[in-house]
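Peer 1: what's the 3D shape of this:
(one chain, ligands or ions: 1)
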Amino acid sequence: MAMPESRSIKRLPNNDSTNAWNTILPLRTPKPALAGDLNADWLVIGAGYAGLAAARQLAHNCPDQKIAIVDAGVCGENASGRNSGFVIDVPHTVSSNLDQLDSAHRHMRLARAATNQLAELVKKHSIQCDWSVDGKYQTAVTDEGAESMLQPFANELEALGEDYQWVRGDDLAARLGTRHFKHAVYTPGCVLMNPAALVRGLADSLPDNVTLFENTPVTQLQSANGMVVTTPGGEIRAPKVILAANGFSDQFGYKPNGFVHLALKASLTRPLTPEERATYSVDRPWGVTPANAFGGVTMRYTNDHRLLVRQDIRLDMQQNMSAQSTQRIVAHHRHILRDRFPSLPDVTFENTWVGYICMSRNGAPAFGQVAHNVWMSACQNGIGVTKGTISGQLIADLACEHENPLIKDIQALGSPQPLPARPLVEVGARAMMKWELWKNRRES
Ligand SMILES: Cc1cc2nc3c(=O)[nH]c(=O)nc-3n(C[C@H](O)[C@H](O)[C@H](O)COP(=O)(O)OP(=O)(O)OC[C@H]3O[C@@H](n4cnc5c(N)ncnc54)[C@H](O)[C@@H]3O)c2cc1C
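Peer 2: Numbers count the residues shown, from 1 in each chain. Next up, the predicted model:
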């Protein structure tokens with residue numbers, strides 16, 4: 001396994017403070033940035049679901065050792081805090097042959113272990129994140145979309161022996177308060193929550209032998225009798241490192257050419273007023289994901305009576321979309337809201353934000369040992385609440401040589417396939433996304 005002797009990290013996260021999930025919460029004081037040099041037994045880089053789960057599991061496995069975890073920004077502003085808040089238990093995708101069903105079983109074992117772990121932590125530490133098992137509607141806008149995308153999904157759920165309901169027409173309209181969707185496959189096990197509140201709560205309840213440093217970007221990594229990382233406030237020396245920096249992990253030199261970076265945009269409204277709630281007349285929270293991930297819109301109605309719109313996916317290999325480009329999408333999100341909920345014409349957005357997901361060509365995670373004493377848990381392929389959590393926990397078990405049968409499950413998912421040269425990736429990915437959008441234009 002090749003180990004870079006010294007590596008400069010040039011691409012750093014550039015999260016602004018537009019993430020409404022975070023701004024609607026009470027102010028939180030981030031943990032202090034590193035000031036001075038530090039020695040630790042373990043260093044975890046990145047404090048999203050993956051890094052936090054890894055640090056927690058290292059603390060559990062090595063109670064007498066000192067674990068440092070650093071994050072370039074603030075917990076709650078990262079992808080882990082700015083997603084749509086679905087804790088997804090069953091795969092979105094469809095398959096029919098037995099090999100793929102086997103892989104679906106593996107995904108579900110991993111996702112359910114992660115969900116159980118998060119549920120326990122939410123309870124144990126009284127994390128106020130609106131954690132609630134509301135289920136998920138996978139929706140189609142047209143009969144053709146239902147036939148081509150929902151029916152195979154339902155067939156797969158049957159084959160897996162999973163509980164689901166096919167909901168349509170008036171029943172669906174009554175549950176969601178809109179007639180926009182014609183059909184939905186409802187799966188009851190999905191949890192909905194406020195992701196910024198969850199990730200903040202996880203960061204603030206780490207075990208005593210873990211120290212978190214926020215606003216502490218790693219700008220250089222050197223191997224010299226263990227690892228030495230440079231941050232603006234000092235160096236950290238640790239013999240063992242876990243890299244959990246999501247899409248930014250590819251710069252550290254270990255898996256440099258397998259990640260595709262996508263920018264996603266989302267908006268969250270203010271709470272509906274009592275009068276608007278009376279007009280809307282839906283009292284239960286819900287979450288909707290589209291049958292086609294590229295063409296469709298993800299939406300939620302939250303416990304505190306807000307609506308979420310998550311729409312617009314673009315390739316952005318630099319992970320650095322401008323604030324202006326986010327603003328351009330606001331009008332479109334407003335249009336989506338009015339189109340689906342004409343009885344709520346005056347509901348405004350708290351904010352609109354952009355966040356990044358890291359994908360691989362074959363949907364496989366970057367999980368495993370990447371060099372002597374260096375491990376990676378990254379590239380969660382868009383469902384990182386569960387995948388990041390379980391991958392973080394399992395990477396810590398792997399690094400500590402702690403047996404866990406789920407390690408085999410995650411390893412069986414494979415590793416990211418190398419990408420072609422960068423211009424080809426950009427042309428190919430953009431063409432594929434345009435085709436998907438066009439093909440599913442009636443599903444938006
Ligand atoms: C709009 C949107 C909607 C989504 N919806 C869902 C959903 O509903 N359900 C779901 O499961 N997933 C969803 N996702 C995906 C999910 O958010 C991610 O897969 C998940 O958060 C990844 O977790 P992570 O810990 O790997 O990465 P991150 O949360 O990105 O954490 C990585 C951390 O590394 C830090 N870092 C990077 N570089 C450095 C450095 N040089 N030094 C120090 N720290 C560094 C970053 O600051 C960051 O905090 C969505 C994503 C987006 C953007």
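Peer 1: domains in this protein, as residue ranges please.
Peer 2: 6-81+196-259+361-420, 133-191+261-360+435-443 (automatic domain parsing).
Peer 1: any chance you could map the strands in the stretch 251-400 of the chain?
Peer 2: Per DSSP state E, counting those that start in this stretch, the stretch 251-400 of the chain has strands spanning 260-269, 286-290, 298-301, 307-315, 349-359, 366-371, 374-378. These are given in chain order.
Peer 1: Include distance to residue 213 when you put the ones you listed into a markdown table, please.
Peer 2: For the C-beta atoms, the positions are set from N, CA and C on the backbone; glycine is no exception. Formatted as a markdown table, the strands of the stretch 251-400 of the chain follow (distance: least, C-beta to C-beta, whole Å):
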| stretch | distance to residue 213 |
| --- | --- |
| strand 260-269 | 25 |
| strand 286-290 | 34 |
| strand 298-301 | 33 |
| strand 307-315 | 31 |
| strand 349-359 | 22 |
| strand 366-371 | 23 |
| strand 374-378 | 19 |
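Peer 1: Helices along the chain, start to end?
Peer 2: Counting by DSSP state H, the chain has helices at residues 20-23, 49-61, 98-124, 143-145, 151-160, 169-176, 195-203, 274-280, 323-340, 384-399, 406-411, 422-439.
Peer 1: Count the neighbours of residue 270 for me.
Peer 2: When neighbours are counted by other C-beta atoms under 10 Å, residue 270 registers 17.
Peer 1: was I right about it contacting residue 348?
Peer 2: Yes - with contact defined as C-beta atoms under 8 Å, residue 270 reaches residue 348; the gap is 5.9 Å.
Peer 1: before we move on, the earlier item: ranking the helices of the chain by mean pLDDT, which is last?
Peer 2: Mean pLDDT values for the helices of the chain show the minimum at helix 422-439, a mean of 77.
Peer 1: most packed of the domains of the chain?
Peer 2: domain 6-81+196-259+361-420 (a mean of 21; mean count of other C-beta atoms under 10 Å).
Peer 1: and the stretch 251-400 of the chain, which of its residues are near the ligand?
Peer 2: 264, 266, 310, 355-357, 378, 380, 382-386, 388 (C-beta under 6 Å from any ligand atom).
Peer 1: Serialize those to CSV and add fields for distance to residue 369.
Peer 2: Formatted as CSV, these follow (distance: C-beta to C-beta, whole Å):
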residue, distance to residue 369
264, 30
266, 35
310, 34
355, 29
356, 25
357, 24
378, 13
380, 18
382, 24
383, 23
384, 21
385, 24
386, 22
388, 18
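Peer 1: out of the residues you listed, who's nearest residue 429?
Peer 2: residue 357 (12.9 Å; C-beta to C-beta).
Peer 1: Please verify my assumption that residue 15 contacts residue 78.
Peer 2: Yes - at 6.4 Å, residue 15 and residue 78 qualify as touching, with contact defined as C-beta under 8 Å.
Peer 1: circling back to that earlier point, TSV for the strands of the stretch 251-400 of the chain, including distance to residue 56 and mean pLDDT?
Peer 2: Output for the strands of the stretch 251-400 of the chain, formatted as TSV (distance: least, C-beta to C-beta, whole Å; pLDDT from 0 to 100):
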stretch	distance to residue 56	mean pLDDT
strand 260-269	27	95
strand 286-290	26	96
strand 298-301	27	97
strand 307-315	28	93
strand 349-359	22	95
strand 366-371	17	96
strand 374-378	13	97
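Peer 1: For residue 162, which of those strands is the nearest?
Peer 2: Closest approach to residue 162 among the strands of the stretch 251-400 of the chain is made by strand 286-290 (15.7 Å; C-beta to C-beta).
Peer 1: Brilliant, that's me finished.
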